[in-house]
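**Student:** here's my sequence, what's the structure:
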Amino acid sequence: MKRSTKKTIREYFKWTKTSSYMLSAFLLLLALIGYVWWPLVLEYISTYNPEISFWRQMDWLLLGDFLVMSLLITANADIKKDLPIIFIGLMGGLVIESWGTQTSIWFYYTNERPPLWIIPAWPIASLSIDRLFRVAKKLLRKIPDSYFVISFWFIFISFYILLIKFVWPTRDKSLTIMALILCAFIILTTRDHRDTLLTFMCGTLLGYFLELWGTTRMCWTYYTYQTPPLFAVLAHGMATVSFLRVLKLYKLFSKKKSITSA
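**Tutor:** Below is the predicted model:
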């Protein structure tokens, strides 16, 4: 590994005072979810078969997802920078889950529309993707912008075509129409192609492992019954891009407000 790469990893994955609070809050959240939805925990535990080796029954993918996101959310944590990401991820996740479950594009095994216990996963994922994005941007800084522009239009036009095809059965639903309009607006008004594409790629990368776990364990299921469908994986990238756009607007208005008050 090159010295510059090692330096980047140390720089963006260092432990801060906020990291301790972040990890504690994460563990407390898991404990709270387990307490409030204890019947679901018992149902999961009941699947354990004492006649089969524990190591064969261990959900290694869930453990891996948990450990990776725990590491990422604590990496170089900063409460002032992270709070807006958490709030946007929480609200954005609620909107997305409401759209998907209300239109039956996907459904959870509990048949909740949407289940409240899944909403906290969105800000945690948002923080994790933010950390991946920072490192990716640093490591790929020497790639010319022209490559990102060309790749952006190819990838996002392809995604939008896939989006239309996947949600076509719910094209008459107002939430689906709004989702199509919003995605088209974000794609067509993008100016920073580098940041947007890197965010999309990081969101897609993390989204793949989350979707793989959720669909293969039948925690949630898409109407196509794929495990997981390509659209769902890419949709995590698009969701992260939309969160990034809201975050940039927040920073813009916050900066204007501070200048005005000064």
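
**Student:** which helices and strands sit right next to whichever strand or helix holds S126?
**Tutor:** Secondary structure assignment for S126, by DSSP states H and E: helix 121-139. The contact analysis (3 or more CB pairs under 8 Å, 6 or more residues apart in numbering; DSSP states H and E) places helix 121-139 against helix 3-12, helix 60-74, helix 79-102, helix 193-216, helix 230-261. C-betas here are computed from N, CA, C, even on glycine.

**Student:** after that helix, which helix or strand is next?
**Tutor:** Sequence order places helix 145-167 as the next helix or strand after helix 121-139, per DSSP H and E.

**Student:** then that next one to PDB, C-alphas only?
**Tutor:** Extracted C-alpha coordinates of helix 145-167, given in PDB (Å, rounded to 0.1, in the frame of the first residue of the first chain):
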ATOM      1  CA  ASP A 145     -13.200  15.800 -14.000                       C
ATOM      2  CA  SER A 146     -14.100  14.900 -17.600                       C
ATOM      3  CA  TYR A 147     -14.100  11.200 -16.700                       C
ATOM      4  CA  PHE A 148     -16.600  11.800 -14.000                       C
ATOM      5  CA  VAL A 149     -18.900  13.800 -16.300                       C
ATOM      6  CA  ILE A 150     -19.000  11.100 -19.000                       C
ATOM      7  CA  SER A 151     -19.400   8.300 -16.400                       C
ATOM      8  CA  PHE A 152     -22.100  10.400 -14.600                       C
ATOM      9  CA  TRP A 153     -24.400  10.700 -17.600                       C
ATOM     10  CA  PHE A 154     -24.000   7.100 -18.700                       C
ATOM     11  CA  ILE A 155     -24.600   5.700 -15.200                       C
ATOM     12  CA  PHE A 156     -27.500   8.000 -14.200                       C
ATOM     13  CA  ILE A 157     -29.300   7.700 -17.500                       C
ATOM     14  CA  SER A 158     -29.100   3.900 -17.300                       C
ATOM     15  CA  PHE A 159     -30.300   4.100 -13.700                       C
ATOM     16  CA  TYR A 160     -33.300   6.200 -14.600                       C
ATOM     17  CA  ILE A 161     -34.300   3.800 -17.400                       C
ATOM     18  CA  LEU A 162     -34.100   1.000 -14.800                       C
ATOM     19  CA  LEU A 163     -36.000   3.100 -12.300                       C
ATOM     20  CA  ILE A 164     -38.900   3.600 -14.800                       C
ATOM     21  CA  LYS A 165     -39.000  -0.100 -15.700                       C
ATOM     22  CA  PHE A 166     -38.900  -1.300 -12.000                       C
ATOM     23  CA  VAL A 167     -41.600   1.100 -10.700                       C
END
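
**Student:** in it, which residues are buried?
**Tutor:** By neighbour count on 16 or more other CB atoms under 10 Å, the buried set for helix 145-167 is 148, 151-152, 155-156, 159-160, 163, 166-167.

**Student:** which among those gets closest to P115?
**Tutor:** Set against P115, the nearest of those by CB to CB is V167 (20.9 Å).

**Student:** which residues does L61 contact?
**Tutor:** The neighbourhood of L61, defined by CB atoms under 8 Å, 6 or more residues apart in numbering, consists of 209, 212-213, 216.
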